[in-house]
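In: What shape does this take:
(4 chains)
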There are 2 protein chains.
Amino acid sequence: MRPDDLPQIRELNIFKGISEESFDELMRASFLQTFPAQMELIEEGEPADFLHVVVEGCVELFAQSNGRESTMAMVYPVSSFILAAIMKDAVYLMSARTNKKSRVLMIPAVSVRHVFDTDPAFSKAMVIELSSCYRGVVKEHKNLKLRTSVERLANRILRYRQKQQNDQITLPYDKKILASNLGMTPENLSRAFNTLKPYGVKVEGNKITLSDVEQLAKFAKPSKLIDDQSV
Amino acid sequence: MRPDDLPQIRELNIFKGISEESFDELMRASFLQTFPAQMELIEEGEPADFLHVVVEGCVELFAQSNGRESTMAMVYPVSSFILAAIMKDAVYLMSARTNKKSRVLMIPAVSVRHVFDTDPAFSKAMVIELSSCYRGVVKEHKNLKLRTSVERLANRILRYRQKQQNDQITLPYDKKILASNLGMTPENLSRAFNTLKPYGVKVEGNKITLSDVEQLAKFAKPSKLIDDQSV
DNA sequence: CGACGATTTGAATAGGATCAATGGGAGTGG
DNA sequence: CCACTCCCATTGATCCTATTCAAATCGTCG
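Out: I've put the predicted structure just below:
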């Protein structure tokens, strides 16, 4: 860990309010490392040795079984991943790879668990983080079980619009990954975009232009309890 | 809360190791109530006022959107539900109803959050519980994204066999709910059972008899990282 | 007994996946 | 700079899975 990086790390939400002592302990055996794109950071089934925090870039969580693979989530700064495995001292349930060049903070599991036991501010922060992750998966699960693929895409587009504050949207990653994340094949994603054309969705490469948000929203029927990041 | 119930409650895992003081505070404003079957305990979208703990019976967590409904999980003793909403002081993401007559312990959210802040043993227990819930949903999500419906059913049957330690299995609840939980329609569940007949699966009402577990397992290809409750 | 809901089965349909072929960019090496 | 390759993306055709609709059966409960 380079001393230069410490102040920036210290500002992260998950360290807000914790003692200097705790922070030092956490950082002592940690790494802040920059990885190139497409680097596998974690493989499911392995013991959870480090808590990972995406500081910069983007990390894909994915899972495999029986020859199939699916993108489970994309993790953006500043969020941790695989916190539950750390707390339970269990194996990872998902694999992780960088989607683009990324800076990742890696904190040893033992340190995390020890500071959790000794610093109430940190345990509070961890629980909030864990709760957010939990609710994120629940929403994803609802999304998958209660909507068709075209509806999922429509709502995803609306989410991007919200996040980018623009009717001109740039897809944050490859359509292949987006398809997998939405639980469909790339071919099907392509067709789903076409299905949304009548609702004012124009696609050119990774740029999407919305010309009739109202109609799109009427079709998508977004739900706070599925789509809102903040709820 | 009747004094008779307290010793039993005290033994629950989530209260193990916490101080008398903390326990008293938690219990002071709590209820241990018996509900009949099909009683709605929680409605998604409502503020999270109470942490619920299933002490006896069985509770169904389900979600609705756009006229559709899906069973998200079944909760058995002794597990809490909706813990994340409590910790984040947010609204429920799922609804809950008793599936059979059930005893449910209801602890006020404010008490939970306060004791969490003051008693390390309790915060530890809550985090373990929360982590388990998180990993449970992740497994369910993998299950849904990486398997066909027949594979999900086959693995579910194997799980029941494991839990009941018997090749004669009793389905723990209606097939309608099982179907929804597995992400399919009742009609499709019926057909999925038929598809598994060649693998030694015989169905009579809510009784299932397995005559060739090896073949069934070969078809199901169970995975520790999806099916094992303990991992 | 009668009503109701759960379950099963059949037939038709729709939604997605797979397979195959093509176009298009980005990156590589000459 | 250009040719080449590779992979992403799109499109068409086809197949398969799962849903929907309809109807029959069964069991339970009042």
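In: Tell me who's in contact with the spatially most central residue of chain A.
Out: Nearest to the geometric centre of chain A sits residue A:75, at 2.4 Å (C-alpha atoms, centre = their mean). Residues in contact with residue A:75, defined by C-beta atoms under 8 Å, 6 or more residues apart in numbering or on different chains, are A:54, A:58-61, A:81, A:96. In this view, the C-beta of every residue, glycine as well, is placed from N, C-alpha and C.
In: Recalculate using a threshold of 10 Å.
Out: Applying C-beta atoms under 10 Å, 6 or more residues apart in numbering or on different chains, one finds that residue A:75 lies in contact with A:52-54, A:57-61, A:81-82, A:96, A:99, A:102, A:104, A:133, A:136.
In: any chance you could map the strands in chain A?
Out: Assigned by DSSP state E, chain A shows strands spanning A:31-35, A:40-42, A:50-56, A:59-65, A:68-75, A:79-81, A:95-98, A:102-108, A:168-170, A:201-204, A:207-210.
In: Ok, which of these comes nearest residue A:229?
Out: Each of the strands of chain A has some distance to residue A:229 by C-beta to C-beta; the shortest is strand A:79-81, at 11.1 Å.
In: What residues sit buried inside the helix or strand of chain A with the lowest mean pLDDT?
Out: When the helices and strands of chain A are scored by mean pLDDT, DSSP states H and E, helix A:6-10 comes last with a mean of 89. Within helix A:6-10, the residues scored as buried using 16 or more other C-beta atoms under 10 Å in any protein chain shown are residue A:9.
In: Helices of chain A, residue ranges please.
Out: A:6-10, A:20-28, A:83-88, A:109-118, A:120-146, A:149-164, A:175-181, A:186-195, A:213-220, A:224-227 (DSSP state H).
In: Out of these, flag the one nearest residue B:176.
Out: helix A:120-146 (15.1 Å).
In: Could you check how far the closest residue to residue A:203 other than its chain neighbours is from residue A:202?
Out: Closest residue to residue A:203 apart from its sequence neighbours, by C-beta to C-beta, 6 or more residues apart in numbering or on different chains: residue A:193 at 4.9 Å. For residue A:193, the distance to residue A:202 (C-beta to C-beta, to the nearest Å) stands at 9 Å.
In: Which one's more surrounded, those two?
Out: A count of neighbours by other C-beta atoms under 10 Å in any protein chain shown puts residue A:193 above the other of residue A:193 and residue A:202, at 17 against 12.
In: is DNA strand C contacted by stretch A:165-176?
Out: No - on the criterion C-beta under 7 Å from any atom of the strand, stretch A:165-176 is out of touch with DNA strand C, staying 10.9 Å away.
In: And stretch A:45-64, by the same measure?
Out: No - if you take C-beta under 7 Å from any atom of the strand as the test, stretch A:45-64 misses DNA strand C, and the best it gets is 14.2 Å.
In: How far does that stretch sit from its chain's centre?
Out: Relative to its parent chain, stretch A:45-64 has a centroid offset of 10 Å by C-alpha atoms, centre = their mean, to the nearest Å.
In: quick one: terminal-to-terminal distance for it?
Out: Taking C-alpha to C-alpha, to the nearest Å, stretch A:45-64 runs 11 Å from one end to the other.
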